[in-house]
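A.B. asks: give me a 3D structure for the following:
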Amino acid sequence: MGYSYTPLINKKNRDNKTGKHSIFIRVTVDRESKYLNTGEKIEEKYWAGKEGRWTKDSHPFAFQLNTLIRKKVYLLEEFEYKQKMFGNGVSLKSLCDHFYKKAYANVFNEYVDEFMKTVKGKSLNTLKKYRTFVSYLNEYNSKINFSQLNEQFFQSFATWLQEKGLVGVTVYKYFDPFKVMCTQAVKDGYIQKDPFLNVSLGIKRTKGKRVYLEIEDITRLKIKKLPIDRPDLEDARKLWLFCFYASFYYSDLKSLTWANVKHTDMGFVIVASRFKNENDFIVPVHRFKHATQILNEQKDYVGLGCVAREFVNLIDEGFLIQINEFRITVKLN
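C.D. replies: Prediction:
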């Protein structure tokens, strides 16, 4: 496969009123060509078109223009070389994309913004992790130069995340997309080598403290007297108990519909996909008497997910104010 990069002007051989022509670089890959605009213009009388001395010495800024053109050509040649080193194919489109992307992405944050536009095939949870990382990164420093990406910067960012209340394992989780983006930046020619090579973040992979429910807690929730004029709280309690009885996640309950509930010879079975990672799962509800009872009571509703929204009211009212932390001892006495 052949590649060539040729600076030229007046590619259509036309006159114009200003007398100046845009300076292009003709990129050719296997006889197919594209013309990339350098953003500079020049009068034809100053154009020599010779290798390395495209602009005549008589032009007042000949040195500067020739330097700019040389850098543009080198940008394309370097990208071609690095892609071949990584075993990647080099297409006409990838060369053009890199040329224009390189022209405006001056800081790592800008590169990240463009990278996010190309992220495909990721689960919803992974996309959420990527977006949260970008949000944290921009909050920490909205203008990071590529030259700043080193061990000292990574350690400082990791410490800042900890100071925001993130535990060790969560900090490492958000560094996963950071590493992916840096690896791609190397391939794209923005940095010479992987800045994460042999790097230590200097923090431990500590985990958050988890508090688990006891049977007594569930019993107290079940028998707790609720205000008579708040039937929505009763609905919310049933939905939460359903999650407990059927080993179900509330995030999955929110999107549950009757289409996910299957009738089998043994009874109800729920077939759906996890909200967190989109993995398929099956819940044999028929094995849990209380879960089956609650499910039967929801038959008058079009979808289970719409009823699940009432669960939020339970939290808003201060009843089980720490329910999302698996604590249910608040306001139960």
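A.B. asks: all helices in this structure, in order from the N-terminus.
C.D. replies: Along the chain, the segments classed as helices by DSSP state H run 62-85, 92-104, 108-118, 124-140, 151-163, 168-187, 215-223, 231-245, 250-253, 289-297, 304-308, 310-316.
A.B. asks: tell me which of those lies nearest to residue 282.
C.D. replies: helix 250-253 (12.0 Å; C-beta to C-beta). All C-beta atoms are positioned from the backbone trio N, CA, C, and that covers glycine.
A.B. asks: elements contacting that closest one?
C.D. replies: helix 231-245, helix 304-308 (3 or more C-beta pairs under 8 Å, 6 or more residues apart in numbering; DSSP states H and E).
A.B. asks: how much space between residue 199 and residue 141?
C.D. replies: Distance from residue 199 to residue 141, counting by C-beta to C-beta, to the nearest Å: 18 Å.
A.B. asks: cool, residue 44 as well?
C.D. replies: For residue 44 relative to residue 141 (C-beta to C-beta), the value is 46 Å.
A.B. asks: could you do residue 250 as well?
C.D. replies: 35 Å.
A.B. asks: before we move on, what about residue 214?
C.D. replies: Counting by C-beta to C-beta, the gap from residue 214 to residue 141 is 45 Å.
A.B. asks: who's more crowded, the two?
C.D. replies: A count of neighbours by other C-beta atoms under 10 Å puts residue 141 above the other of residue 214 and residue 141, at 16 against 11.
A.B. asks: list phi and psi for that one.
C.D. replies: Note on residue 141: its backbone torsions stand at phi -160, psi 110 [degrees, to the nearest 10].
A.B. asks: mind listing what it touches?
C.D. replies: Listed by C-beta atoms under 8 Å, 6 or more residues apart in numbering, the contact partners of residue 141 are residue 109.
A.B. asks: what pLDDT is listed against it?
C.D. replies: Note on residue 141: pLDDT of 95.
A.B. asks: can you check residue 210 too?
C.D. replies: What the model reports as pLDDT for residue 210 is 66.
A.B. asks: just residue 332 next, same as before
C.D. replies: With respect to pLDDT, residue 332 scores 34.
A.B. asks: what residue lies at the spatial centre of the chain?
C.D. replies: Computing the C-alpha centroid of the chain and ranking residues by C-alpha atoms, centre = their mean puts residue 130 first, at 3.0 Å.
A.B. asks: list the contacts of that one.
C.D. replies: 116, 119, 122, 177.
A.B. asks: just among those, which is most surrounded?
C.D. replies: Of these, with other C-beta under 10 Å as the count, residue 177 tops at 23 neighbours.
A.B. asks: how much space separates that one from residue 62?
C.D. replies: Distance check for residue 177 against residue 62: by C-beta to C-beta, it reads 45 Å.
A.B. asks: do residue 205 as well
C.D. replies: The gap separating residue 205 from residue 62 is 58 Å, by C-beta to C-beta.
A.B. asks: could you do residue 77 as well?
C.D. replies: Taken as C-beta to C-beta, the span from residue 77 to residue 62 is 22 Å.
A.B. asks: if we can go back for a sec, which one's more surrounded, residue 205 and residue 62?
C.D. replies: residue 62 (17 against 12).
A.B. asks: ok, now which ones touch the more buried one?
C.D. replies: 46, 55, 56.
A.B. asks: ok, these vs residue 288, which is closest?
C.D. replies: residue 55 (79.9 Å).
A.B. asks: neighbours around that closest one, how many?
C.D. replies: Counted with other C-beta under 10 Å, the neighbours of residue 55 add up to 25.
A.B. asks: so for it, what's the pLDDT?
C.D. replies: pLDDT, residue 55: 95.
A.B. asks: residue 181 versus residue 218, what's the distance?
C.D. replies: 44 Å.
A.B. asks: so which of these two has more stuff around it?
C.D. replies: residue 181 (20 against 15).
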